[in-house]
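[1] okay, sequence plus prediction incoming.
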Amino acid sequence: ASAEAAGAQQEREQIIVDVDGGEDSANARASSANARASSAGAARSSASSEKRRVRQHLDEFYTGRRSIEQVMPTSLVAAEDIEAKSSASRASAARRRSVQHRVSYAGSGAGISLDDGISTGRRSVDSSMYRLKRKEDREAEIAAIEADLEDVLGKEALKEEITRWDWVWTGVIAAACVGVMAAIFVLGPDAHHSEYYERLYGVSSSEPLYYALDHHKSFAHVEFVATAGIEHPVNNTQPDGLMLSAQAGYCKHHCETPDDFVALDDETTGTKDEGFPLIIAFKTNEYARSYGDGEEPVVRITTNNNAPLGLALESFQSKAIGRYQVLIAGLILIFLFVLIITDVVHRTLSAFIGMFVAIFFLVLVDKAPDMVRIWEHIDQEVIILLLGMMIIVHVLSTTGLFEYLAVKSYQWSGGTLVKLWYILVILTAVLSAFLDNVTTVLLIAPVTINLALAMKVDPIPLLVSQAILSNIGGTATLIGDPPNIIIGAALADYISFVDFLSNLLPIVLIIAVAALGFLRWWYRAALAEETGFVDVDELKKEYRIRKKLLLIRAGIVFGCVIILFFTEPIHHVQAPWIALLGAVVMMLLSEPHDLQHTLESVEWDLLLFFAALFVCIESLAEMGLITWIGDLIIGWVRSVPESQQLTVAIVILVWVSGIVSGILDNIPYTTTMVPVIVQMSRDPVLQLPLRPLIWSLALGACLGGNMTLIGASANLVTAGIAGRAGHKITFVSWLKQGPSVTFISLILAMTYCILRYSVGGDYQE
């Protein structure tokens, strides 16, 4: 019967073809059929895409990045159904949470009392039980939402679809894992870490030292480093001070006599400079030759010190790839910057990728670091300072202080938009100096948007101005901007919190005034708009001080922390310890039995980003990249007369730092440049003072962040907050005022540094 039906259908189609004009009509109908098939395919593709989007949104809901309203698909379900489903889900979830979320203190020492009877009398244990119940409740809520979605979309909607490309990428991942394992098995045995005491030797003027190289490693490229273990010569009769020299060569007959040593390269000599250790180093490819019987490749070390001189010696032997390690390190740094700029993955993962790539090449050039050395690469002062300030700011934010200040700003402005703009922008700049600019805009920007909406004005001029002034205000102190934190921690032996204020605050005030003037002119039309009525009483109810007693206590602690920052030259306790102590006291005052909530406020991804970045940059430094960059800048500075060298160094640092920080992330750039300015100050020919270089780098790196939207983290945070509120700040729109403000700032910063340090000579080493 089916065959007969198919035949009849074919006969009818043939009749239609004959009647409509034969082949042309058949082609037309074929085209129509193809169009219908294409339309059906597009519909299926659209439905499949919609399902993938729903699954992605549901995954984001699992991690807390989306609300229930954002999970339901608007294109597949009517709006009223979404509201009914989400309301029912919220109601059912609320019923499930009713027992677990009613928490009360039963009195002093009684701990947390839950309505279901869980109370151990120990608040820390009760808090853990409460968090466990919250987790269980969250899982129940997710299960209910999945059931709701399956009722609306069908059971297939949440089913994971694995495509052919998914399997291809799975195979690539498996192959990469096998390759990593193979590399570990092949390279691991050769990555020997000698103990420090195994690298200690002694030499004197009467007994030269012959340091033997490893026969089991390649001689294609050899690097050697010798560090003298004393600060001042002992029993040295030479008039020129302590001297140390090293020369590549090989021994005949174990170098029983001086004539048995055959030199392969020129001798490298170093002399002791006041305040710096004596280090000599060289690289050579001359060991790459064949050796006869009794010939042994060595490094001969001599000194003019009569008494035995303690030395720490290190040698690195690699294949021909070692000759190109600076080029490789440069490519890794560019690769890291590209990963961070393009945001292919989170910047923390980008830093870890760069770190592991750098370590892999360190292994190839015989410089494999052990865990102790990796830990030494991490600037622990930066991590501790950031951790402490994050906790301090979080505790202050829970009191409602910052929202209250924003509402008071509206009251002080009298409802005038221009006055409100001045007050909010200046408030942001001041807070950024003593908190940090990212945290400041996170706290102030949402309230600014609500104030602007209540006044029926565009919030973009307020938000952009706040972001720009937060970067300028954060430049004034050690804790205001990440580049300053990096510089202050790395050079803590040379500068203090007060030094940042005394050297940067004057020019920051001048730049802030200039930036305010430019932005006021730029937004003159937007700030002249008529504003709507704002109910101040409603604002006070919504943004009020929620914890007055905690605010008083936390304010006292925060004031003491700031005072200790200022008085660091007296007590000599560094800022990270003060910040950590303040954070511990803040936690004792706020939530002494439940640290989970406080620790959730810590930006752990940022701390891990810093840690991985430090290891990556130090690994690249061991490959010689930082020295190469320093030598390049030193060459530029040496090319001018001696009287102009400091001026040229200031100009280079301010403008290169400003431009690079505007295009790239200023955090990895600053981490890279700190050892470069130290190298410039230690150059025996230039002998530039270190402090002017420090302030030039700080000003350029911090102020350059205003050039583009991606130049500073505060800019991106502000744009993200504005975008969630429906107000877009794009990369192109930022370019309308950002480069102009940056150009004005860098001109003023460069002029200030030249007049104060190069012309005025106002620096103390």
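    Structure's in. What do you need?
[2] worst-scoring helix or strand of the protein, pLDDT-wise?
    The weakest-scoring helix or strand in the chain, judged by mean pLDDT, DSSP states H and E, is strand 103-105 (a mean of 36).
[3] under a three-state scheme, what state does residue 302 occupy?
    Of the three states, residue 302 takes strand under DSSP: H, G, I helix; E, B strand; the rest coil.
[4] now it: how far from residue 188?
    37 Å (Cβ to Cβ, to the nearest Å). From N, CA and C alone the C-beta is placed, and that goes for glycine too.
[5] now residue 296
    Residue 296 sits 28 Å away from residue 188, going by Cβ to Cβ.
[6] between the two, who's got more neighbours?
    Using other Cβ atoms under 10 Å, the more surrounded residue of residue 296 and residue 188 is residue 296, with 16 against 11.
[7] pLDDT score assigned to the more buried one?
    Residue 296 is assigned 89 on the pLDDT scale.
[8] for it, which non-adjacent residue is closest in space?
    residue 251 (4.8 Å; Cβ to Cβ, 6 or more residues apart in numbering).
[9] next: residue 211.
    In space, and not counting its chain neighbours, residue 211 is closest to residue 299: 4.4 Å by Cβ to Cβ, 6+ apart.
[10] mind checking which helix or strand the residue nearest the centre of the chain is in?
    The chain has residue 609 as the residue nearest its centroid, 4.7 Å off, counting by Cα atoms, centre = their mean. Secondary structure assignment for residue 609, by DSSP states H and E: helix 604-622.
[11] for residue 161, same thing?
    Counting by DSSP H and E, residue 161 is found in no helix or strand.
[12] mind checking how far it is from residue 244?
    Going from residue 161 to residue 244 by Cβ to Cβ gives 68 Å.
[13] ditto for residue 360
    Residue 360 is 33 Å from residue 244, by Cβ to Cβ.
[14] same check, this time on residue 328
    Distance of residue 328 to residue 244, given as Cβ to Cβ: 30 Å.
[15] which one's more surrounded, the two?
    Neighbour count, other Cβ under 10 Å: between residue 328 and residue 244, residue 244 has more, with 23 against 20.
[16] what about that one, which SS state?
    Here residue 244 is strand, with the state taken from three-state DSSP.
[17] show me what contacts it?
    226, 228, 269, 270, 271, 278, 280, 301, 302, 303, 309, 311 (Cβ atoms under 8 Å, 6 or more residues apart in numbering).
[18] tally of neighbours for the nearest residue to residue 467 once chain neighbours are set aside?
    In this structure, residue 467 finds its nearest non-sequential neighbour in residue 718, 4.1 Å apart by Cβ to Cβ, 6+ apart. The local packing of residue 718 (other Cβ under 10 Å) involves 29 other residues.
[19] residue 718 contacts residue 728, correct?
    No - between residue 718 and residue 728 there is no contact under Cβ atoms under 8 Å: 11.7 Å.
[20] residue 175 and residue 356: what is the separation?
    As judged by Cβ to Cβ, residue 175 and residue 356 stand 17 Å apart.
[21] between the two, which has more neighbouring residues?
    Higher neighbour count among residue 175 and residue 356: residue 356, with 14 against 10, using other Cβ under 10 Å.
[22] would you mind measuring from the more buried one to residue 724?
    34 Å.
[23] please apply the same query to residue 701.
    29 Å.
[24] which one of those two is surrounded by more residues?
    residue 701 (31 against 10).
[25] spatially nearest residue to the more buried one, not counting backbone neighbours?
    Nearest one to residue 701, counting by Cβ to Cβ, 6+ apart, is residue 483 at 4.0 Å.
[26] may I have the phi/psi pair for that neighbour?
    phi -60, psi -40 (degrees, to the nearest 10).
[27] can you count the residues close to it?
    29.
[28] same check on residue 607?
    Other residues near residue 607 number 17, with proximity taken as other Cβ under 10 Å.
[29] equivalent analysis for residue 621, please.
    For residue 621, using other Cβ under 10 Å, the count is 20.
[30] also the one 5 residues further on?
    Burial of residue 626 is recorded as 24 neighbouring residues (other Cβ under 10 Å).
[31] in what helix or strand does it lie?
    Applying DSSP H and E, one finds residue 626 within helix 625-638.
[32] list the buried residues in that helix.
    By neighbour count with 16 or more other Cβ atoms under 10 Å, helix 625-638 contains the buried residues 625, 626, 627, 629, 630, 633, 634, 637.
[33] all helices of the stretch 201-350 of the chain, in order?
    325-342, 347-364 (DSSP state H, counting those that start in this stretch).
[34] give the contact list for residue 670.
    With Cβ under 8 Å, 6+ apart, residue 670 has these contacts: 482, 483, 486, 487, 661, 697, 701.
[35] pLDDT wise, what is residue 152 at?
    Taking residue 152 on its own, its pLDDT is 67.
[36] quick one: mean pLDDT over stretch 729-741.
    Mean predicted lDDT for stretch 729-741 stands at 86.
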